[in-house]
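Colleague: sequence plus the predicted model coming up.
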Amino acid sequence: MIKMKKIVLFGALSLGVAYSMSALASEHGHAAKAEPWTLAKWDQTAANLPGGNAAKGEALHKNNFCMACHGAEGVAPSRNAPSLAGNTVEYTYKTLKDYQSTLRNEGNGKSAVMITAAQTLSDQDIADLAAYYASQVIPAKPTPMTVDPAIELLVRKGDFNRMITPCASCHGAHGEGKDITPALAGQTPEYFVRTMHAYKNGHRTNDINEGMSQFTHDLTDAEIEALAEYYASLSKQ
Amino acid sequence: MSQITRRDLIKLFGAGAAASTGLLGASKQAYAKSSAHIVIVGGGIGGAAFAKYMRLANADVKITMIEPNPQYTFCPGSNEILSGHETLENLTVNYNTLKSRFNIDVVQDIATEINYEGHQISTIRSGQISYDKLVVSPGPDFDYQFVDGYDAELAEGDFPHAWKAGPQTLKLKQQIDSMRQGGTMVISAPSNPYRCPPAPYERASFIANMLKQSNPTAKLLILDSKTSYVFQNHFEHYWKQHHNFGQENARIEWVSAKKGGTVIKLDAAEKIVTTVGGEKIKADVINIIPEEKAGRFAIANGLALGKNWVPYEPKTFASKVHPDVYVIGDTVDAPMPKTGYVASNQAKVVAAAINDLLAGKEPGTPFITNNCVAMAGEDYGMTITATFRYTGETKGKGFLTQVRTSKISENPSVNRIRAEVAKNWQRTFRKDMFS
């Protein structure tokens, strides 16, 4: 698999996951890992996104099982799933396309439900869902938390010594996201942690040029946890 | 596993010492002499869930599980082996995580007799094991007496029931795969209660789907000892779409007990089953799913009080025989379906109750859920959610039951996603106990 060295570092559990990734692909009849995006290819796709209808998206959200895990209004009711409310049209569109092509496939059956769900959708359906989620808002947290200065530094300045770019430079000063870079404000912290680890150990590779695997490479578990709490506490501004 | 060393240790220091020594290097913790020792009989879904969640609730108690087999094969998902969508290997887990991560002493042995007053349990190889609390989770036992001419030996031979995933499952698959073109298969479904209510119909559906491809003129006949079953509307809806159900040329047919479907006799030599309606049916493959009763261990130790299933105190699942002996899973006479999910929930209730009692607290009020899934095919799933809220009242056998079942949908996306949710359920459910 990709980045075998890192997977080995993560020990037996990750190895098991890595092996069963290929099992999943054959098990569910999906083709081997889909072609990764290039920036040019995405730009072309983004320029031709179908116009989304939020009302139709809402109907799909309610009738196609999305709300069972992602919540009645796209705000996740449990730690198992991310909130989708308030995300950018581009991010939701690309994510569902990536599930559809199995480019986003975190292995060991973990993405199987989303891959199946996405494969039942047309491009227009996906655009409608993206428009619906973009129109929804995650409710503001009642009390903003005090932020560890080291975490605030990581978010706003990054860490030059570890070649970590500031999170805010792509995800926005308030975690609001931009284009295909997802919003993080108010995100389910457990999902955030899982996602960062999936980038770090090479299980999630659908971002263009796999930038996130570089940025997460040297982050410690404690930093990832702290970032999760920080972004969970934010409200989109 | 070094049984001799263990036996020697028990002789020298008693069972408690052997339990906490950790012969596999699992248990390095030196338990205080006052630590309670909790022993589990049975390492299936109920026993494994109890062991893990007891440990999550309490880091200090000693936990010993007595289980004859070195590994466990899940029944949920095993119908898919028959259609080639699943493998026995993928459904088989071992006890390594319970040992190493949750510090459970897993004793590979057979428990035989409970000495209730002495708080000891006898085993075949490890002698007496003392306990403060005993949790009994033996699963159900098969009761062959209702079908004349059928027995455990035939089930191990040419007439596998395959109601416990393992070699019989593979044998049945091989029989179906090699059935002559245009042959007939009979499935005899038992009366309630039995393990996994929708499973005979899920099994039939998977087999019919496979026959449609490999043996399209074959017939599948379900002879039922019941008059209705869970998800009946879903299965019939699917069979109408895929197998001409209800028509002259149907691939799959269901005979209700009301129409005399109950199978009462098997002629193994001639491969003929006889129904209560007097009909004799010759078939190429005969799959009789036997009636069930409480596990042999529970009955042998008097826990069933002469009944078929074990009575219990609904608040803590303590047995009626002794308050320090608890009974969970399919073997219990609970107003709940006999599913692995329910067994795992009962296990969590008992773990919490024992933890409270050890701390001198009154146990909480049980709220048990059954979140179950079934499939009619790889493109069609269904779900049921039932909740059982403890009331303590005689009505409803101590529980208020509420049930919600997925509705028929004409939206193919929904049916397909439900099937994927069902597979995901299997994956995550297995992990809940054994990871």
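Modeller: Perfect, I can see it now.
Colleague: check whether stretch B:366-376 contacts chain A.
Modeller: No: Stretch B:366-376 does not reach chain A (CB under 8 Å from any CB of the partner chain); its nearest approach is 11.8 Å. C-beta: built from backbone N, CA, C; applies to glycine.
Colleague: buried residues, that stretch. List them.
Modeller: B:Pro366, B:Ile368, B:Thr369, B:Asn370, B:Cys372, B:Val373, B:Ala374, B:Met375, B:Ala376 (16 or more other CB atoms under 10 Å in any protein chain shown).
Colleague: elements contacting the host helix or strand of the second one?
Modeller: So that's B:Ile368. Element membership of B:Ile368 [criterion: DSSP states H and E] is strand B:367-377. Judged by 3 or more CB pairs under 8 Å, 6 or more residues apart in numbering or on different chains; DSSP states H and E, strand B:367-377 is in contact with helix B:199-214, helix B:232-243, helix B:340-358, strand B:380-390, helix B:412-434.
Colleague: quick check: A:Ile126 touching A:Tyr99?
Modeller: No: assessed by CB atoms under 8 Å, A:Ile126 is found out of contact with A:Tyr99, at 9.7 Å.
Colleague: any shared contact partners between these two?
Modeller: Common contact partners of A:Ile126 and A:Tyr99 (CB atoms under 8 Å, 6 or more residues apart in numbering or on different chains): A:Ala118.
Colleague: tell me who's in contact with residue 164.
Modeller: Picking chain A for this. Neighbour list for A:Ile164: A:Leu154, A:Gly158, A:Phe215, A:Asp218, A:Leu219 [criterion: CB under 8 Å, 6+ apart].
Colleague: my bad, the chain I had in mind was chain B
Modeller: Residues counted as contacts of B:Lys164 (CB under 8 Å, 6+ apart) are B:Cys75.
Colleague: what about it, which SS state?
Modeller: Here B:Lys164 is coil, with the state taken from DSSP: H, G, I helix; E, B strand; the rest coil.
Colleague: pLDDT weak spots in the chain?
Modeller: If you meant another chain, say so; for now it's chain A. Along chain A, segments meeting pLDDT under 70 span A:1-33, A:237.
Colleague: meant chain B, my bad for not saying
Modeller: Applying pLDDT under 70 to chain B flags the ranges B:1-33.
Colleague: coming back round to it: export the contacts of A:Ile164 to TSV and tack on distance to B:Asp356?
Modeller: Formatted as TSV, the contacts of A:Ile164 follow (distance: CB to CB, whole Å):
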residue	distance to B:Asp356
A:Leu154	43
A:Gly158	49
A:Phe215	46
A:Asp218	45
A:Leu219	41
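Colleague: before we move on, the earlier item: quick one: strands adjacent to the strand holding B:Ile368?
Modeller: With DSSP bridges as the test, strand B:367-377 is paired with strand B:380-390 (antiparallel).
Colleague: check which element follows the partner strand along the chain.
Modeller: Sequence order places strand B:399-405 as the next helix or strand after strand B:380-390, per DSSP H and E.
Colleague: helices or strands up against that following strand?
Modeller: For strand B:399-405, the packing partners by 3+ CB pairs under 8 Å, 6+ apart come out as strand B:380-390.
Colleague: so how far is chain B from A:Glu223?
Modeller: Going from A:Glu223 to chain B by CB to the nearest CB, to the nearest Å gives 25 Å.
Colleague: out of everything not next to it in sequence, what's closest to that residue?
Modeller: Of all residues not flanking A:Glu223 in the chain, A:Leu154 sits nearest, at 6.7 Å (CB to CB, 6 or more residues apart in numbering or on different chains).
Colleague: now name the helix or strand holding the one you found.
Modeller: A:Leu154 belongs to helix A:149-156, assigned by DSSP H and E.
Colleague: just the CA atoms of stretch B:73-81, as CSV, please.
Modeller: What follows is stretch B:73-81, C-alpha atoms only, in CSV (Å, rounded to 0.1, in the frame of the first residue of the first chain):
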residue,chain,number,x,y,z
THR,B,73,-17.3,-17.7,15.1
PHE,B,74,-20.0,-15.1,14.8
CYS,B,75,-23.5,-16.3,13.7
PRO,B,76,-24.5,-12.9,12.5
GLY,B,77,-23.3,-12.7,8.8
SER,B,78,-23.0,-16.4,8.4
ASN,B,79,-26.0,-16.7,6.0
GLU,B,80,-23.9,-14.7,3.6
ILE,B,81,-21.4,-17.6,3.6
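Colleague: which residues touch that stretch?
Modeller: The contact list for stretch B:73-81, computed with CB under 8 Å, 6+ apart, reads B:45, B:86-88, B:90-93, B:162-166, B:169-170, B:173, B:195-196, B:199, B:202-203, B:206, B:340, B:375, B:426, B:429-430.
Colleague: filter the residues you listed down to just the buried residues.
Modeller: Taking 16+ other CB under 10 Å as the criterion, what is buried in the contacts of stretch B:73-81 is B:45, B:86, B:88, B:90-91, B:93, B:162-166, B:169-170, B:173, B:195-196, B:199, B:202-203, B:206, B:340, B:375, B:426, B:429-430.
Colleague: list the buried ones in the helix or strand following the helix holding A:Leu154?
Modeller: Remark: after helix A:149-156, the chain's next helix or strand is helix A:168-171, criterion DSSP H and E. Within helix A:168-171, the residues scored as buried using 16+ other CB under 10 Å are A:Ala168, A:Cys170, A:His171.
Colleague: between those residues, which is nearest A:Val113?
Modeller: A:His171 (26.0 Å; CB to CB).
Colleague: so who does the spatially closest residue to the closest one that is not a sequence neighbour touch?
Modeller: Counting by CB to CB, 6+ apart, A:His171 lies nearest to A:Leu184, which is 5.2 Å off, once chain neighbours are set aside. A:Leu184 makes contact with A:Cys167, A:His171, A:Gly175, A:Gly177, A:Phe192, A:Tyr231, A:Leu234, according to CB under 8 Å, 6+ apart.
Colleague: quick check: which element contains A:Leu184?
Modeller: Per DSSP H and E, there is no helix or strand for A:Leu184.
Colleague: and the gap between it and A:Gln214?
Modeller: Applying CB to CB, to the nearest Å, the value for A:Leu184 to A:Gln214 is 18 Å.
Colleague: between the two ends of stretch B:258-274, how far is it?
Modeller: Its first and final residues considered, stretch B:258-274 spans 15 Å by CA to CA, to the nearest Å.
Colleague: from what I see, A:Tyr231 and A:Gln187 are in contact.
Modeller: Yes: counting by CB under 8 Å, A:Tyr231 touches A:Gln187, with 5.5 Å between them.
Colleague: overlap in contacts, the two.
Modeller: Common contacts of A:Tyr231 and A:Gln187 (CB under 8 Å, 6+ apart): A:Gly175.
Colleague: related to what we said a few turns ago, the residue nearest to A:Glu223 touches A:Tyr230, doesn't it?
Modeller: No: A:Leu154 lies out of contact with A:Tyr230 (CB under 8 Å); the separation is 9.1 Å.
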